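Peer 1: Below are the sequence and a predicted model for it; my questions follow.
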Amino acid sequence: MFVARSIAADHKDLIHDVSFDFHGRRMATCSSDQSVKVWDKSENGDWHCTASWKTHSGSVWRVTWAHPEFGQVLASCSFDRTAAVWEEIVGESNDKLRGQSHWVKRTTLVDSRTSVTDVKFAPKHMGLMLATCSADGIVRIYEAPDVMNLSQWSLQHEISCKLSCSCISWNPSSSRAHSPMIAVGSDDSSPNAMAKVQIFEYNENTRKYAKAETLMTVTDPVHDIAFAPNLGRSFHILAIATKDVRIFTLKPVRKELTSSGGPTKFEIHIVAQFDNHNSQVWRVSWNITGTVLASSGDDGCVRLWKGISFPLWIPHGLDRDGPVMPSSFLLLLLLW
Amino acid sequence: MEELDGEPTVTLIPGVNSKKKQMCFDWGPGEMLVCETSFNKKEKSETVPGCPFIYIIRKDIDVYSQILRKLFNESHGIFVGLQRIEEELTGKSRKAQLVRVSKNYRSVIRACMEEMHQAAIAAKDPASGRQFSSQVSILSAMELIWNLCEILFIEVAPAGPLLLHLLDWVRLHVCEVDSLLADVLGSENPSKHESFWNLVTILVLQGRLDEARQMLSKEADVSPTSAGMCRILGDLMRTMPVLSPGNTQTLTELELKWQHWHEECERHLQDGTFASSPHLESLCKIMLGDEAALLEQKELLNNWYHFLVTRLLYSHPTVKPIDLHFYAQSSLDLFLGGESSPEPLDNILMAAFEFDIHQVIKECSIALSNWWFVAHLTDLLDHCKLLQSHNLYFGSNMREFLLLEYASGLFAHHSLWQLGVDYFDYCPELGRVSLELHIERIPLSTEQKALKVLRICEQRQMTEQVRSICKILAMKAVRNNRLGSALSWSIRAKDAAFATLVSDRFLRDYCERGCFSDLDLIDNLGPAMMLSDRLTFLGKYREFHRFYGEKRFFDAASLLLSLMTSQIAPRCFWVTLLTDALPLLEQKQEDIENTKLEMLRLALARNLARAIIKEGSLEGS
């Protein structure tokens, strides 16, 4: 059912993150050896390392690609308390012949006092924007107003989460009915069992992000979090990697019913909970249509979860805003 | 919350130590990246700083098989044809047309099987030979299932014809008979051939009584002692009442005749007519539908559904569709005899005999590794209006769900994705949005491919995707300093902001080098010029240069004047414009109207001062 190929990574230390670009023809890896490597796929399907450079003075935790509308741009974050933005420079023809390209640092984001644990670009309809989160419990949102000048980034928002943050996820929905939204997970293991997942929403009136929801039922450390791509649903789907895999739906309550001007209120339902990894779950990620969720845990397995209840995506009947069927079911496919 | 039964398949990745290793991964459009890592975020890793591998995982090698590609292409044609004639499918001919579509699909499967079989024979190494052979088995199973579904669900054969169809079905899937027949007939002494009696038996088991009779006559020729018995048995074979197509007799008439015939056979058995020939006696028992006699022929029957059909032929030839599953279940139980358990294929066929279409689809989805089969079959059954009466939860949504899965899989392939587009088109709920998400991700490795993708998007008014794709290409062009390309992509994207940016670059280039690049493009902008002010200025400024070059000083002057007064000229360009004006001022041609000149001088007087101050205060623009 699956075919695997391997590439010798050539990093001198542990790899912490791997990331495909938008089209799946380039990938980036980052490592405790403080470097990032970029790999390109050739026409015949082989992968070659086209760039390798030192990016930070500490372990690099995450690396991520911007949308290609902004060019060839990467962001990385590190134990060294910084995040950085990199741009590929079109090289000399000699370099191209040798199959090498150069990446230059456009900016360093130095506001964090502690290790920066995640960095994610915002959906492209929001412009060139990214968010970082740190062990100091603060989520920072930066914007580059001029996409042709990547050295100018300004800190637009600082969101205090009060708990050490481990992961963030932007809501990819570009629907006008949805305000920009970001989910933050915390792996804080201190005994005050505060809820470990918070959702912040941008308010057009105050021009600030305000807390919209806290998922009260998630009390164990959260390692990864991911909104699913939205295929025209009115509600949102969020996957969480914690001591198990959990999937929540967040259905916006109609605005007339809430106090106007405040953040949206949501009806929260848990639609799935899987403990098949029998261990901590470290990563969750959706495929591009949001029909399959992948998760990995301590057990050396990546599991693929497929939603096969059609009403999970569209409630029965033509009304897309109808109630979510709670008894949706998922098929488990085990991968190695 | 419900989980589907059955353990999913585990795929082992060679080289990965799956003993408690942690993995980081990322989805790509067609593949997944996986890498061993450690998630305990300590600064120093205690483990050996291994040099791990990155694994690229791809699902479904089917999409990449050369031979299967033909299957995908041809079935795509049938699929699209079926969607298009939907409106025309009315009345009596509807069923016939749908049956024809079903047969088309099956012939495509068979053609693919044949090619795969040839490839298996011609394979250079045993491993790939085995792979081809296993593919042949899978295709054969698919055709078997599809054929049965065609008989039961699409043809909806009633009692009588039902059995004839089932006989055809079984005969089609046991190919060895014909080669064995040729073997035996071709030998010197057919009735002495070691497989002679096996051949006669299997012909009887398959209801091919005419051919069986011919075989018996060969035996009669060489063996006078059994000639009499052969003749009698041969007569019984000849006189067995069968429903032939176009026969006007009713089912009741047939049943009556058959009953009489059955009793005659029984009488011969009781009288011991064939007692001295165990072979002939066994054949007679088979023709009486004797279960024990049939089960003795397990090896020749090969499977329980053959056993079922033979059993029906010789004991319940007028079986009704709704009664099928009783016989099917007991046939399966008797044949397996408690020694083995049903395989997935058996369960699928059983579900079909039970007319449980959803179960058939569900089991096929689990058993088969790609969505091709269930997607096309379900779509056809949906056209037969068979899915709507079922569980509302799925109903016609099941069709769409499966088509979406199949089409998504096609998008992983560098050229088959084009087939996927049509499948998405015929999914009314989520087809469009799924197509939007998938088509954005297609790598635009060549201009040709990009244009193909754009055409598809434009045909469907996917304006956001058009804009995005053009923007990506425009950005790539700008970064590679291909300004002409960047400009034309910006125009196609209708991206005014980016067009402005690129126009600025052009103008900057001009300031630095004194000439324009990509003159062809700028000269032929046409109405696209209106996209942005800066672009309009670029186009008009170039036009000014052309006029001047052609010595059309009047036109040049008018244009320059309008450029200066229209306020679309960027500030940094003012000095250039004024410098361009100077030679015009010295033109003493009569056709340059004095008034225009006056205005020019006026404009100069007003603006020259401003421009000089600006020049002085800034470091130069």
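Peer 2: It's in.

Peer 1: contacts, neighbours, all on C-alpha from now
Peer 2: OK.

Peer 1: by contact count, what packs against the helix or strand B:V433 falls within?
Peer 2: Using DSSP states H and E, B:V433 sits within helix B:431-440. Contacting helix B:431-440 under the criterion 3 or more Cα pairs under 8 Å, 6 or more residues apart in numbering or on different chains; DSSP states H and E are the following elements: helix B:396-410, helix B:417-425, helix B:463-479.

Peer 1: now the ones you listed as CSV including mean neighbour count, distance to chain A and mean pLDDT?
Peer 2: Formatted as CSV, the helices and strands packed on helix B:431-440 follow (neighbours: other Cα atoms under 10 Å in any protein chain shown; distance: least, Cα to the nearest Cα, whole Å; pLDDT from 0 to 100):
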stretch, mean neighbour count, distance to chain A, mean pLDDT
helix B:396-410, 22, 7, 87
helix B:417-425, 20, 13, 96
helix B:463-479, 21, 4, 94
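
Peer 1: export the ones you listed to a markdown table and tack on distance to A:K54?
Peer 2: Shown next, in a markdown table, are these (distance: least, Cα to Cα, whole Å):
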| stretch | distance to A:K54 |
| --- | --- |
| helix B:396-410 | 38 |
| helix B:417-425 | 38 |
| helix B:463-479 | 23 |
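
Peer 1: Minimum distance to A:G58: which of these has it?
Peer 2: Nearest to A:G58, of all those, is helix B:463-479, at 30.8 Å by Cα to Cα.

Peer 1: Which residues outside that closest one are in contact with it?
Peer 2: Contact partners of helix B:463-479, identified using Cα atoms under 8 Å, 6 or more residues apart in numbering or on different chains, comprise A:68-71, A:89-90, B:436, B:440, B:454, B:457-458, B:483, B:485-490, B:492-495, B:502.

Peer 1: So among those residues, which ones count as buried?
Peer 2: Buried residues within the contacts of helix B:463-479, defined by neighbour count using 16 or more other Cα atoms under 10 Å in any protein chain shown: A:68-71, A:90, B:436, B:440, B:454, B:457, B:483, B:485-490, B:492-495, B:502.

Peer 1: Sort out for me which of the residues you listed are in helices.
Peer 2: Per DSSP state H, helices hold the following members of those: B:436, B:440, B:454, B:457, B:483, B:485-490, B:492-493, B:502.

Peer 1: which residues touch residue 220?
Peer 2: Using chain A. A:D187, A:S189, A:A193, A:K196, A:T242, A:K243.

Peer 1: wrong one, chain B
Peer 2: Applying Cα under 8 Å, 6+ apart to B:A220 gives the contacts B:S226, B:A227, B:G228, B:C230, B:R231.

Peer 1: Is B:L181 in contact with B:V200, as I believe?
Peer 2: No: here B:L181 lies out of contact with B:V200, judged by Cα atoms under 8 Å, at a distance of 9.1 Å.

Peer 1: Looking at the two, which has the bigger crowd around it?
Peer 2: B:V200 (25 against 18; other Cα atoms under 10 Å in any protein chain shown).

Peer 1: Distance of that one relative to B:L280?
Peer 2: Using Cα to Cα, to the nearest Å, B:V200 is found at 10 Å from B:L280.

Peer 1: Going by neighbour count, which residues in the longest helix anywhere in chain B are buried?
Peer 2: Ranked by residue count and defined by DSSP H, the top helix of chain B is helix B:91-122. Going by neighbour count (16+ other Cα under 10 Å), the buried part of helix B:91-122 is B:95, B:98-99, B:101-102, B:105-106, B:108-110, B:112-113, B:115-117, B:119-120.

Peer 1: Then stretch A:269-280?
Peer 2: For stretch A:269-280, by 16+ other Cα under 10 Å, it's A:I270, A:V271, A:A272, A:H277, A:Q280.

Peer 1: Let me know the closest of the ones in helices among the buried ones among the contacts of helix B:463-479 to chain A.
Peer 2: B:E440 (8.1 Å; Cα to the nearest Cα).

Peer 1: what's near enough to touch whichever residue of the stretch 301-450 of chain B sits closest to chain A?
Peer 2: Per Cα to the nearest Cα, B:R441 is where the stretch 301-450 of chain B lies closest to chain A, at 4.9 Å. Taking Cα under 8 Å, 6+ apart, we find B:R441 in contact with A:F22, A:H23, A:G24, B:P29.

Peer 1: swap in A:V281?
Peer 2: Here A:V281 is in contact with A:H223, A:A241, A:T242, A:K243, A:D244, A:V245, A:S295, A:S296, A:G297, A:D298 (Cα under 8 Å, 6+ apart).

Peer 1: likewise B:L507?
Peer 2: B:F516, B:L538.

Peer 1: same question, the one 4 residues further on
Peer 2: If a contact means Cα under 8 Å, 6+ apart, then B:C511 has no contacts.

Peer 1: Check which helix or strand it maps to.
Peer 2: With DSSP H and E as criterion, B:C511 is part of helix B:496-513.

Peer 1: do the same with B:M32
Peer 2: Here B:M32 is assigned to strand B:31-37, by DSSP H and E.

Peer 1: Following element in sequence after that strand, please.
Peer 2: strand B:53-59.

Peer 1: what packs against the very next helix or strand once past that following strand?
Peer 2: Sequence order places helix B:66-85 as the next helix or strand after strand B:53-59, per DSSP H and E. Taking 3+ Cα pairs under 8 Å, 6+ apart as contact, the helices and strands that helix B:66-85 lies on are helix B:91-122, helix B:417-425.

Peer 1: can you rerun that using 7 Å?
Peer 2: Packing partners of helix B:66-85 (3 or more Cα pairs under 7 Å, 6 or more residues apart in numbering or on different chains; DSSP states H and E): helix B:91-122.

Peer 1: after the helix it packs on comes which helix or strand?
Peer 2: The element immediately downstream of helix B:91-122 (helix or strand, assigned by DSSP H and E) is helix B:126-149.

Peer 1: so how far is that next one off the chain centroid?
Peer 2: 17 Å (Cα atoms, centre = their mean, to the nearest Å).
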